[in-house]
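*Asks:* Below are the sequence and a predicted model; questions follow.
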Amino acid sequence: MDRLIPVINKLQDVFHSVGMIDTIDLPQIAVVGSQSSGKSSVLENIVGRDFLPRGSGIVTRRPLVLQLINRGSDKKTTSGNLSQNNTEEWGEFLHIPTKKFFDFQEIKKEIEDETDRSTGKNKGISPVPIHLKIFSPYVLNLTLVDLPGITKVPVGDQPKDIEIQIRKMILQYISKPNCIILAVTSANTDIANSDALKLAGEVDRKGSRTLGVLTKLDLMDKGTDAMDVLSGKVIPLRKGFIGVINRGQNDINQKKSIREALKSEKVFFQEHEAYSKIAEKMGTPHLAKVLNHILLTHIKETLPDIKNKITTMIQRAQLRLAEYGEAVEDAEMSNGALLLQQLTKFSTTFIEAIDGSNVDVSTNNLFGGARINHIFSKKFTPFLLKMDACENLSEFDIRNAIRNAKGPRTSLFIPEASFEMLVKRQVKQLENPSLYCVDQVMDELKNIVTYSEKVLQRFPNLRERVHEFVISDILSNYSGPLKDFIKNLISIEMAYINTNHPDFFNGGQTALMLMEKLAGANQQPDSQQVQPMQPMQPNLQKGNQFQNQPQNGQFNQRNSMQTRKDSYEAMYSDREKMETDIIRSLLTSYFSIVRKNVCDSVPKSIMHFLVNKSKKSLQSELVRAMYKEELFGELLKENDEVAQKRKATQQMLRVLLKAQEALNDVKDMNF
């Protein structure tokens, strides 16, 4: 089980080397504490060596990923052959993979130098971590991330928002669900105001992944102790608290070694009146064992999920590489064959989008063939069915049409010319909705073209040429004749008014009955007819409304048009009312026949002359226009961005495969 930590370390190295450290949430322990909490001393005690920079202000200005590797249990490391001296200790930095640092003071200096390379010497901070491995027979396999100390006051040239920056960086690490939080707090301060515990509480409200460390227990006021905190009575943490004793500044000045300090720590807990009862659960060695156990357990719990995520990422990377294709210069096929391949892929995608096969399923909007069907069945046809046969046609218009068709004659029947003229006028109104339906389908075909262009994204010149050619030359050339055809369909309906159509009032029988009823009305006694309008006499009670009454049987030419219309409407008889109703009924019946024909023929025409025709001829038209040897170089010039994405994806895939290989090393482990 102890082999799990080196595996996770390898994953960290692999992802960090290509800037993918945040790609997957790996199990790790992040060390959090204020500047004065003794955080760095805790880490040095765990390592057993003095190797971290010290000084005033913020010393840790970049995250330090510290990988401890026990040489006693694992003689093979990533650095190659080892010396026969098993007590040998050294460090290695990921940014200098070929160099071993046997002098830990040089390790300290390299941390300072590498920090300055990234942040400058003005005490600025950077979220980019430094990776350090320490090989030693005295350490347990463990990985810790040392984060900058929490501060509130800017120092030197530091920005005024340094506290916010550090807080943001710390939260970036400890917010991850797979991060164990090591919250370091001084025992001689108010534990309730611990910056480390406050930050940990923001992201770990239940305290399930936080381990508390109390430092400076030896500096508490005489007669006091931290037993309430260590026992979890003050702040309950599921992983509890562990107390440690670090070297003081006086110890450091007197060159007291860490190993000597660890011996003093052990004596302190064993001899302390309060802590002696729990001495075996206190101290740096116990802390290291607990951290090792926690990390191993955590890795074991998260390993299946990590494997699944890496497998999914490998599949996605492989799919992206398939989309990007091989670089033109690396392709085994000729340029001509490559061009044909791309045109075929575009045409196939276009056709599949119309047919509804192999299209990204969207729950938000209809697309492709489904959208075209929606235009026909849910927009075009319902719109026509809602159209009134007598839309924009008033009774006054109908009566005038009848009267104008009669001329000076008094007809016993309704003039057929009036019916035909009104029918043609109403049928003509079906033309614009039909042409608009063509435009809507054209818009959707353009959307399909744009969707299909994704297969050509690596060749921008080819994509642009295909887009322009398909829309401007193919679809537009098909839509023009289609609109002319639809106009002819409407003109055909207007050219011959087929009153013998079986659906037209049962083949004309109902119309004949209405005509006979009208004829019967014409034979009624004169007393039932509307009498001719008599000259109106002045109303003396209301004043003389009409001046200059007509003389010699002539109307006064000065009468207004409104007066004429009023007089005209006063002559509207029951017979004319019946004629108007008959015309309206006939119009409704015949318009319904034509509308049904148009609802059926327009979608069929669009499918035949536009949709199916474009599907059938698209690839051949593209090949005819673009398969020219002199165009190969221009059309197959690859997009720089796609080339870069392909390279990055290839690199990512190599990294993921290495990670998968590392995880496969532990698949047969028995835990």
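*Replies:* Happy to help now that I have it.

*Asks:* all helices in the stretch 101-250 of the chain, in order from the N-terminus.
*Replies:* 104-119, 162-174, 195-203, 227-230, 249-253 (DSSP state H, counting those that start in this stretch).

*Asks:* Gly91 belongs to a strand?
*Replies:* Yes. Counting by DSSP: H, G, I helix; E, B strand; the rest coil, Gly91 falls inside a strand.

*Asks:* Look up how far Phe102 lies from it.
*Replies:* As judged by Cβ to Cβ, to the nearest Å, Gly91 and Phe102 stand 8 Å apart. Where you see a C-beta, it was placed from the backbone N, CA and C, and this is true even at glycine.

*Asks:* what about the closest residue to Met333 other than its chain neighbours, neighbour count?
*Replies:* Spatial nearest neighbour of Met333, excluding adjacent residues (Cβ to Cβ, 6 or more residues apart in numbering): Gln341 at 7.2 Å. As a burial measure, Gln341 scores 14 neighbours (other Cβ atoms under 10 Å).

*Asks:* tell me the phi and psi of Ile69?
*Replies:* Phi and psi for Ile69, reported as degrees, to the nearest 10, are phi -120, psi 120.

*Asks:* list the contacts for Leu211?
*Replies:* Shown in contact with Leu211 (Cβ atoms under 8 Å, 6 or more residues apart in numbering): Ile180, Ile181, Leu182, Ala183, Leu237, Lys239, Gly240, Phe241, Ile242, Val290, Leu291, Ile294.

*Asks:* right, I mislabeled it, should have said Ile166
*Replies:* Ile166 touches Ile58, Ile125, Pro148, Gly149, Ile150, Thr151, counting by Cβ under 8 Å, 6+ apart.

*Asks:* Now for those residues: which two are most distant?
*Replies:* Ile125 and Ile150 (11.8 Å; Cβ to Cβ).

*Asks:* okay, the contacts of Leu211 in TSV with distance to Ser37 and pLDDT next?
*Replies:* Converted to TSV, the contacts of Leu211 look like this (distance: Cβ to Cβ, whole Å; pLDDT from 0 to 100):
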residue	distance to Ser37	pLDDT
Ile180	18	94
Ile181	14	95
Leu182	11	95
Ala183	9	95
Leu237	16	92
Lys239	18	93
Gly240	18	93
Phe241	14	95
Ile242	14	95
Val290	18	94
Leu291	17	92
Ile294	20	92
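
*Asks:* Sort out for me which of those residues are in strands.
*Replies:* By the criterion of DSSP state E, membership of the contacts of Leu211 in strands covers Ile180, Ile181, Leu182, Ala183, Phe241, Ile242.

*Asks:* how close does His501 sit to Arg71?
*Replies:* Distance check for His501 against Arg71: by Cβ to Cβ, it reads 100 Å.

*Asks:* Please identify which of Gly91 and Phe102 sits among more neighbours.
*Replies:* When neighbours are counted by other Cβ under 10 Å, Gly91 and Phe102 differ, and Gly91 comes out ahead with 25 against 11.

*Asks:* coming back round to it: is the residue nearest to Met333 located within a helix, as I assumed?
*Replies:* Yes. Residue state for Gln341 (three-state DSSP) corresponds to a helix.
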